[in-house]
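Asker: Quick one: sequence and predicted model below, then my questions.
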Amino acid sequence: MTETRAAPHDRRRTGPPVLALALLLVLAFLPGTSPAVAAPHRAGAAALQEVTGFGTNPGQLRMFRYVPDGLAAGRPVVVVLHGCTQNAAGYGTGSGWTELADRWGFSLVLPQQQPVNNISSCFNWFRTGDTTRGLGEAASVAQMVDRHLADLAGDSRRVYVTGLSAGGGMTSVMMAAYPERFAAGGVVAGLPYGCAQAAASPWVCMSSGGGLGPRQWGDRVRAARPGYGGPWPTLTVLHGTADQKVNPVNMTDLTEQWTDVHGADLTADVTDTVAGYPHQVFRGPGGAPAVETYRVTGMGHGQPVDPGTGGERCGTAGPHLLDVGLCAAHRLGRAWGLDT
(Lines give C-alpha, C1' and ligand atoms only; values in the text may rest on other atoms or scores of the structure.)
Protein backbone atom coordinates (compact mmCIF):
# COMPACT_ATOMS: atom_id res chain seq x y z
CA MET A 1 0.00 0.00 0.00
CA THR A 2 1.78 3.15 -1.18
CA GLU A 3 1.86 6.50 0.59
CA THR A 4 0.49 9.50 -1.36
CA ARG A 5 -1.06 12.83 -0.49
CA ALA A 6 -4.77 12.59 0.16
CA ALA A 7 -7.54 15.14 0.57
CA PRO A 8 -7.24 17.59 3.49
CA HIS A 9 -10.03 15.94 5.46
CA ASP A 10 -8.09 12.64 5.47
CA ARG A 11 -4.47 13.62 4.89
CA ARG A 12 -2.84 10.22 5.38
CA ARG A 13 -5.14 8.23 3.12
CA THR A 14 -4.47 7.09 -0.43
CA GLY A 15 -8.07 7.48 -1.55
CA PRO A 16 -11.50 5.83 -1.29
CA PRO A 17 -10.26 2.20 -1.33
CA VAL A 18 -8.25 2.81 1.84
CA LEU A 19 -11.13 4.61 3.49
CA ALA A 20 -13.31 1.63 2.72
CA LEU A 21 -10.67 -0.71 4.14
CA ALA A 22 -10.53 1.27 7.37
CA LEU A 23 -14.31 1.21 7.74
CA LEU A 24 -14.59 -2.48 7.00
CA LEU A 25 -11.74 -3.30 9.37
CA VAL A 26 -13.52 -1.73 12.31
CA LEU A 27 -16.75 -3.49 11.41
CA ALA A 28 -14.80 -6.73 11.41
CA PHE A 29 -13.12 -5.97 14.74
CA LEU A 30 -16.24 -4.86 16.57
CA PRO A 31 -19.86 -6.08 16.56
CA GLY A 32 -21.11 -2.49 16.58
CA THR A 33 -19.87 1.03 16.18
CA SER A 34 -20.93 2.50 19.50
CA PRO A 35 -19.37 5.91 20.17
CA ALA A 36 -16.25 6.14 22.30
CA VAL A 37 -17.25 7.30 25.77
CA ALA A 38 -14.81 8.33 28.47
CA ALA A 39 -15.19 6.42 31.72
CA PRO A 40 -16.28 8.50 34.73
CA HIS A 41 -13.51 10.14 36.76
CA ARG A 42 -12.79 8.24 39.99
CA ALA A 43 -12.93 10.19 43.23
CA GLY A 44 -9.45 11.05 44.43
CA ALA A 45 -7.83 10.08 41.13
CA ALA A 46 -5.44 12.33 39.21
CA ALA A 47 -6.58 13.83 35.92
CA LEU A 48 -5.57 12.63 32.48
CA GLN A 49 -3.30 15.20 30.83
CA GLU A 50 -2.72 15.87 27.15
CA VAL A 51 0.90 16.49 26.09
CA THR A 52 1.77 18.37 22.92
CA GLY A 53 5.10 18.97 21.24
CA PHE A 54 6.45 15.52 22.04
CA GLY A 55 8.38 15.20 18.78
CA THR A 56 7.85 15.32 15.04
CA ASN A 57 4.83 13.03 15.50
CA PRO A 58 4.86 11.52 11.99
CA GLY A 59 1.82 9.38 12.81
CA GLN A 60 -0.32 12.41 13.80
CA LEU A 61 -1.41 10.84 17.10
CA ARG A 62 -2.46 12.59 20.29
CA MET A 63 -0.55 11.94 23.51
CA PHE A 64 -2.19 11.66 26.92
CA ARG A 65 -0.64 10.59 30.19
CA TYR A 66 -1.76 9.63 33.66
CA VAL A 67 0.49 10.41 36.62
CA PRO A 68 -0.75 9.59 40.14
CA ASP A 69 -0.48 12.50 42.55
CA GLY A 70 2.87 12.55 44.34
CA LEU A 71 4.47 9.89 42.13
CA ALA A 72 8.19 9.61 42.85
CA ALA A 73 10.88 9.70 40.17
CA GLY A 74 12.27 6.43 38.87
CA ARG A 75 8.93 4.63 38.66
CA PRO A 76 7.79 2.24 35.86
CA VAL A 77 5.80 3.35 32.81
CA VAL A 78 3.04 1.48 30.96
CA VAL A 79 1.98 2.44 27.41
CA VAL A 80 -1.74 1.68 26.98
CA LEU A 81 -3.20 1.43 23.44
CA HIS A 82 -6.98 1.52 23.01
CA GLY A 83 -9.04 -0.50 20.53
CA CYS A 84 -11.23 0.63 17.61
CA THR A 85 -13.94 3.23 18.42
CA GLN A 86 -12.38 3.69 21.87
CA ASN A 87 -10.34 6.58 23.23
CA ALA A 88 -7.44 6.97 25.64
CA ALA A 89 -9.47 8.05 28.67
CA GLY A 90 -12.23 5.48 28.34
CA TYR A 91 -9.93 2.54 27.76
CA GLY A 92 -7.35 3.59 30.33
CA THR A 93 -9.99 3.76 33.05
CA GLY A 94 -12.30 0.96 31.90
CA SER A 95 -9.48 -1.56 31.56
CA GLY A 96 -8.34 -0.84 35.13
CA TRP A 97 -4.94 0.65 34.27
CA THR A 98 -5.48 4.05 35.89
CA GLU A 99 -6.77 2.33 39.04
CA LEU A 100 -3.68 0.13 39.23
CA ALA A 101 -1.38 3.08 38.56
CA ASP A 102 -2.78 4.71 41.70
CA ARG A 103 -2.65 1.47 43.68
CA TRP A 104 0.89 0.43 42.77
CA GLY A 105 2.60 3.71 41.87
CA PHE A 106 3.49 3.93 38.19
CA SER A 107 2.54 6.21 35.30
CA LEU A 108 0.77 5.70 31.99
CA VAL A 109 1.31 6.91 28.43
CA LEU A 110 -1.98 6.72 26.52
CA PRO A 111 -1.69 7.35 22.76
CA GLN A 112 -4.93 8.27 21.03
CA GLN A 113 -5.76 7.71 17.39
CA GLN A 114 -7.36 10.46 15.30
CA PRO A 115 -10.08 10.13 12.63
CA VAL A 116 -7.73 11.80 10.14
CA ASN A 117 -5.62 8.61 10.32
CA ASN A 118 -8.39 6.04 10.65
CA ILE A 119 -12.07 6.90 10.49
CA SER A 120 -12.89 4.40 13.24
CA SER A 121 -9.99 5.33 15.54
CA CYS A 122 -8.18 2.01 15.02
CA PHE A 123 -4.40 2.08 15.25
CA ASN A 124 -3.10 1.11 11.81
CA TRP A 125 -1.41 -2.18 12.78
CA PHE A 126 -1.78 -3.42 9.17
CA ARG A 127 -0.08 -0.55 7.29
CA THR A 128 3.67 -0.79 6.59
CA GLY A 129 4.00 3.00 6.81
CA ASP A 130 2.78 2.90 10.42
CA THR A 131 4.48 -0.29 11.60
CA THR A 132 8.08 0.27 10.47
CA ARG A 133 10.72 1.62 12.84
CA GLY A 134 11.12 5.36 12.37
CA LEU A 135 7.84 5.80 10.49
CA GLY A 136 4.26 6.77 11.15
CA GLU A 137 2.34 5.78 14.24
CA ALA A 138 5.06 3.51 15.61
CA ALA A 139 7.54 6.39 15.61
CA SER A 140 4.98 8.69 17.26
CA VAL A 141 4.45 6.25 20.13
CA ALA A 142 8.22 5.90 20.59
CA GLN A 143 8.54 9.70 20.75
CA MET A 144 5.82 9.79 23.41
CA VAL A 145 7.79 7.34 25.54
CA ASP A 146 10.96 9.40 25.22
CA ARG A 147 9.19 12.63 26.19
CA HIS A 148 7.41 11.00 29.13
CA LEU A 149 10.59 9.47 30.54
CA ALA A 150 12.39 12.79 30.26
CA ASP A 151 9.58 14.75 31.91
CA LEU A 152 9.05 12.36 34.82
CA ALA A 153 12.54 10.87 35.21
CA GLY A 154 10.88 7.48 34.81
CA ASP A 155 12.69 4.15 34.89
CA SER A 156 13.72 3.49 31.27
CA ARG A 157 14.45 -0.15 32.17
CA ARG A 158 10.84 -0.72 33.23
CA VAL A 159 8.70 0.47 30.33
CA TYR A 160 5.87 -1.82 29.22
CA VAL A 161 3.30 -1.73 26.42
CA THR A 162 -0.16 -3.25 26.12
CA GLY A 163 -3.32 -2.87 24.06
CA LEU A 164 -6.63 -4.33 22.98
CA SER A 165 -7.55 -5.52 19.47
CA ALA A 166 -6.03 -3.01 17.02
CA GLY A 167 -4.16 -1.65 20.05
CA GLY A 168 -2.93 -5.21 20.63
CA GLY A 169 -1.73 -5.32 17.04
CA MET A 170 0.14 -2.06 17.62
CA THR A 171 1.59 -3.50 20.83
CA SER A 172 3.19 -6.23 18.71
CA VAL A 173 4.53 -3.51 16.42
CA MET A 174 6.17 -1.59 19.27
CA MET A 175 7.76 -4.75 20.73
CA ALA A 176 9.24 -5.66 17.34
CA ALA A 177 10.21 -2.25 15.97
CA TYR A 178 11.46 -0.78 19.29
CA PRO A 179 12.49 -3.79 21.41
CA GLU A 180 15.15 -1.82 23.28
CA ARG A 181 12.47 0.47 24.75
CA PHE A 182 10.20 -2.19 26.29
CA ALA A 183 10.84 -4.78 28.96
CA ALA A 184 7.60 -6.61 28.17
CA GLY A 185 4.32 -6.39 26.29
CA GLY A 186 0.77 -7.57 26.77
CA VAL A 187 -1.42 -8.31 23.73
CA VAL A 188 -5.17 -8.63 24.38
CA ALA A 189 -7.22 -10.08 21.50
CA GLY A 190 -4.54 -8.88 19.09
CA LEU A 191 -2.23 -10.10 16.36
CA PRO A 192 1.44 -10.99 15.76
CA TYR A 193 3.87 -8.58 14.15
CA GLY A 194 3.75 -8.68 10.35
CA CYS A 195 0.56 -10.74 10.22
CA ALA A 196 -1.23 -8.61 7.60
CA GLN A 197 1.82 -8.77 5.33
CA ALA A 198 2.35 -12.50 5.91
CA ALA A 199 -1.26 -13.25 5.00
CA ALA A 200 -1.26 -10.63 2.21
CA SER A 201 -4.45 -9.26 3.79
CA PRO A 202 -5.53 -8.00 7.21
CA TRP A 203 -8.79 -9.92 6.67
CA VAL A 204 -7.06 -13.25 6.30
CA CYS A 205 -4.84 -12.48 9.27
CA MET A 206 -7.80 -11.67 11.50
CA SER A 207 -9.96 -14.59 10.39
CA SER A 208 -7.40 -17.35 9.81
CA GLY A 209 -3.99 -16.21 11.05
CA GLY A 210 -0.82 -15.54 9.10
CA GLY A 211 -0.01 -19.12 8.09
CA LEU A 212 3.68 -19.01 9.05
CA GLY A 213 5.83 -21.36 11.10
CA PRO A 214 7.66 -20.35 14.30
CA ARG A 215 10.97 -19.50 12.61
CA GLN A 216 9.23 -17.45 9.90
CA TRP A 217 7.30 -15.55 12.56
CA GLY A 218 10.47 -14.93 14.53
CA ASP A 219 12.30 -13.75 11.42
CA ARG A 220 9.70 -11.02 10.95
CA VAL A 221 10.47 -9.63 14.40
CA ARG A 222 14.23 -9.86 13.90
CA ALA A 223 13.94 -8.04 10.56
CA ALA A 224 12.04 -5.17 12.20
CA ARG A 225 15.14 -4.09 14.15
CA PRO A 226 18.14 -5.10 12.00
CA GLY A 227 21.30 -5.88 13.92
CA TYR A 228 19.61 -5.95 17.31
CA GLY A 229 20.77 -8.84 19.48
CA GLY A 230 18.57 -8.44 22.51
CA PRO A 231 17.38 -8.45 25.17
CA TRP A 232 13.89 -8.92 23.75
CA PRO A 233 10.64 -7.99 25.48
CA THR A 234 8.73 -10.82 27.09
CA LEU A 235 5.12 -11.34 26.03
CA THR A 236 1.81 -12.07 27.75
CA VAL A 237 -1.26 -12.83 25.61
CA LEU A 238 -4.93 -12.95 26.66
CA HIS A 239 -7.54 -14.05 24.12
CA GLY A 240 -11.13 -15.28 24.28
CA THR A 241 -11.92 -18.67 22.78
CA ALA A 242 -15.25 -17.32 21.40
CA ASP A 243 -13.67 -14.30 19.69
CA GLN A 244 -15.30 -13.98 16.27
CA LYS A 245 -13.46 -10.81 15.29
CA VAL A 246 -9.84 -11.87 15.77
CA ASN A 247 -9.48 -15.63 15.51
CA PRO A 248 -7.81 -17.16 18.61
CA VAL A 249 -5.28 -18.78 16.25
CA ASN A 250 -3.54 -15.42 16.49
CA MET A 251 -2.64 -16.21 20.10
CA THR A 252 -0.97 -19.39 18.87
CA ASP A 253 0.89 -17.40 16.20
CA LEU A 254 2.01 -14.85 18.79
CA THR A 255 3.25 -17.66 21.02
CA GLU A 256 5.21 -19.19 18.17
CA GLN A 257 6.63 -15.82 17.14
CA TRP A 258 7.98 -14.80 20.53
CA THR A 259 9.12 -18.21 21.77
CA ASP A 260 11.24 -18.37 18.61
CA VAL A 261 12.62 -14.87 19.21
CA HIS A 262 13.59 -15.87 22.75
CA GLY A 263 15.00 -19.25 21.74
CA ALA A 264 12.36 -21.11 23.74
CA ASP A 265 10.60 -24.30 22.69
CA LEU A 266 6.85 -24.76 22.28
CA THR A 267 6.44 -27.09 25.24
CA ALA A 268 4.87 -25.17 28.10
CA ASP A 269 6.85 -25.23 31.34
CA VAL A 270 3.75 -24.34 33.37
CA THR A 271 0.22 -25.49 32.58
CA ASP A 272 -2.46 -24.64 35.12
CA THR A 273 -5.58 -22.52 35.53
CA VAL A 274 -6.02 -18.95 36.75
CA ALA A 275 -9.54 -17.87 37.76
CA GLY A 276 -10.68 -21.07 36.07
CA TYR A 277 -9.04 -20.31 32.71
CA PRO A 278 -6.20 -22.29 31.04
CA HIS A 279 -2.85 -20.60 31.63
CA GLN A 280 0.59 -21.50 30.27
CA VAL A 281 4.15 -20.23 30.68
CA PHE A 282 6.96 -20.87 28.20
CA ARG A 283 10.43 -20.32 29.64
CA GLY A 284 13.51 -19.27 27.70
CA PRO A 285 16.91 -21.00 27.81
CA GLY A 286 17.85 -19.15 31.01
CA GLY A 287 14.69 -20.28 32.79
CA ALA A 288 12.91 -16.91 32.86
CA PRO A 289 9.39 -16.64 31.39
CA ALA A 290 9.46 -15.66 27.71
CA VAL A 291 5.77 -16.04 26.80
CA GLU A 292 2.69 -16.39 29.00
CA THR A 293 -0.83 -17.09 27.74
CA TYR A 294 -4.37 -16.95 29.13
CA ARG A 295 -7.03 -18.72 27.08
CA VAL A 296 -10.24 -17.10 28.34
CA THR A 297 -12.82 -19.81 27.76
CA GLY A 298 -16.10 -18.60 26.27
CA MET A 299 -15.09 -14.93 26.06
CA GLY A 300 -15.75 -12.96 22.88
CA HIS A 301 -13.78 -10.03 21.52
CA GLY A 302 -12.73 -7.67 24.28
CA GLN A 303 -10.65 -6.90 27.35
CA PRO A 304 -11.10 -9.17 30.40
CA VAL A 305 -12.06 -7.19 33.50
CA ASP A 306 -13.16 -8.09 37.02
CA PRO A 307 -14.97 -5.08 38.51
CA GLY A 308 -14.71 -4.57 42.24
CA THR A 309 -12.30 -3.38 44.88
CA GLY A 310 -9.24 -4.98 46.40
CA GLY A 311 -7.44 -8.20 45.66
CA GLU A 312 -7.02 -8.95 41.97
CA ARG A 313 -10.14 -7.06 40.91
CA CYS A 314 -10.04 -4.07 38.59
CA GLY A 315 -11.74 -2.54 35.57
CA THR A 316 -15.26 -1.52 34.62
CA ALA A 317 -17.57 -3.59 32.43
CA GLY A 318 -18.75 -1.98 29.19
CA PRO A 319 -18.56 -2.37 25.41
CA HIS A 320 -15.56 -4.64 24.73
CA LEU A 321 -14.65 -4.53 28.43
CA LEU A 322 -15.94 -7.94 29.46
CA ASP A 323 -16.59 -9.03 33.05
CA VAL A 324 -15.21 -12.56 33.09
CA GLY A 325 -13.86 -12.71 36.64
CA LEU A 326 -10.29 -11.98 35.57
CA CYS A 327 -8.71 -8.53 35.15
CA ALA A 328 -6.14 -8.56 32.34
CA ALA A 329 -4.45 -5.40 33.61
CA HIS A 330 -3.91 -6.95 37.03
CA ARG A 331 -2.44 -10.13 35.58
CA LEU A 332 -0.11 -8.13 33.34
CA GLY A 333 0.94 -5.81 36.15
CA ARG A 334 1.79 -8.74 38.40
CA ALA A 335 3.79 -10.46 35.65
CA TRP A 336 5.79 -7.25 35.24
CA GLY A 337 6.38 -6.80 38.97
CA LEU A 338 4.42 -3.55 39.15
CA ASP A 339 2.72 -4.70 42.34
CA THR A 340 6.04 -4.67 44.19
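Answerer: Received it, and whenever you're ready, just let me know what you need. From a predicted model like this one, the values you see are computed outputs, not experimental measurements.
Asker: Average pLDDT for stretch 122-137, rounded please.
Answerer: The average pLDDT within stretch 122-137 is 98.
Asker: Nearest spatial neighbour of residue 252, chain-adjacent residues omitted?
Answerer: In space, and not counting its chain neighbours, residue 252 is closest to residue 209: 7.3 Å by Cβ to Cβ, 6 or more residues apart in numbering. Heads up, the C-betas are built off the backbone N, CA and C, glycines and all.
Asker: The one you found reaches residue 251, doesn't it?
Answerer: No - with contact defined as Cβ atoms under 8 Å, residue 209 does not count as touching residue 251 (9.6 Å).
Asker: how many neighbours does residue 334 have?
Answerer: When neighbours are defined as other Cβ atoms under 10 Å, residue 334 has 15 of them.
Asker: Please report phi then psi for it.
Answerer: Taking degrees, to the nearest 10, you get phi -70, psi -40 for the backbone angles of residue 334.
Asker: and the longest helix seen in the chain, what other elements does it pack with?
Answerer: When the chain is parsed with DSSP state H, its longest helix is helix 136-152. Counting contacts by 3 or more Cβ pairs under 8 Å, 6 or more residues apart in numbering; DSSP states H and E, helix 136-152 packs against strand 49-51, strand 62-66, strand 77-81, strand 107-112, helix 128-131, helix 166-177.
Asker: Off-centre distance for stretch 203-222?
Answerer: How far stretch 203-222 lies from its chain's middle: 17 Å, per Cα atoms, centre = their mean, to the nearest Å.
Asker: So for residue 209 and residue 251, which sits in the more crowded spot?
Answerer: The neighbour comparison of residue 209 against residue 251 (other Cβ under 10 Å) goes to residue 251, with 26 against 23.
Asker: Please identify which helix or strand holds the more buried one.
Answerer: Here residue 251 sits within helix 249-262, counting by DSSP states H and E.
Asker: just the strands in the chain please.
Answerer: Taking DSSP state E, the strands of the chain run over residues 49-51, 62-66, 77-81, 107-112, 159-164, 184-188, 234-240, 270-274, 277-283, 289-296, 303-305, 321-323.
Asker: Residue 79 - nearest residue in space that isn't next to it in sequence?
Answerer: residue 161 (4.2 Å).
Asker: ok, now residue 73?
Answerer: Residue 73's closest residue in space is residue 153 (Cβ to Cβ, 6+ apart), at 3.9 Å.
Asker: State the distance from the one you found to residue 136.
Answerer: Look at residue 153 and residue 136: by Cβ to Cβ, to the nearest Å, they are 28 Å apart.
Asker: So which of those two has more stuff around it?
Answerer: Neighbours were counted for residue 153 and for residue 136 using other Cβ under 10 Å; residue 136 has more, 22 against 11.
Asker: residues near residue 300, how many?
Answerer: Residue 300 has 16 nearby residues by other Cβ under 10 Å.
Asker: I figured it hits residue 246, correct?
Answerer: No - assessed by Cβ under 8 Å, residue 300 is found out of contact with residue 246, at 10.2 Å.
Asker: Just give the closest residue to residue 75, not the sequence neighbours.
Answerer: Excluding its sequence neighbours, the residue lying closest to residue 75 (Cβ to Cβ, 6+ apart) is residue 106, at 5.1 Å.
Asker: quick one, what contacts the one you found?
Answerer: Residues in contact with residue 106, defined by Cβ atoms under 8 Å, 6 or more residues apart in numbering, are 68, 71, 75, 76, 77, 78, 100, 338.
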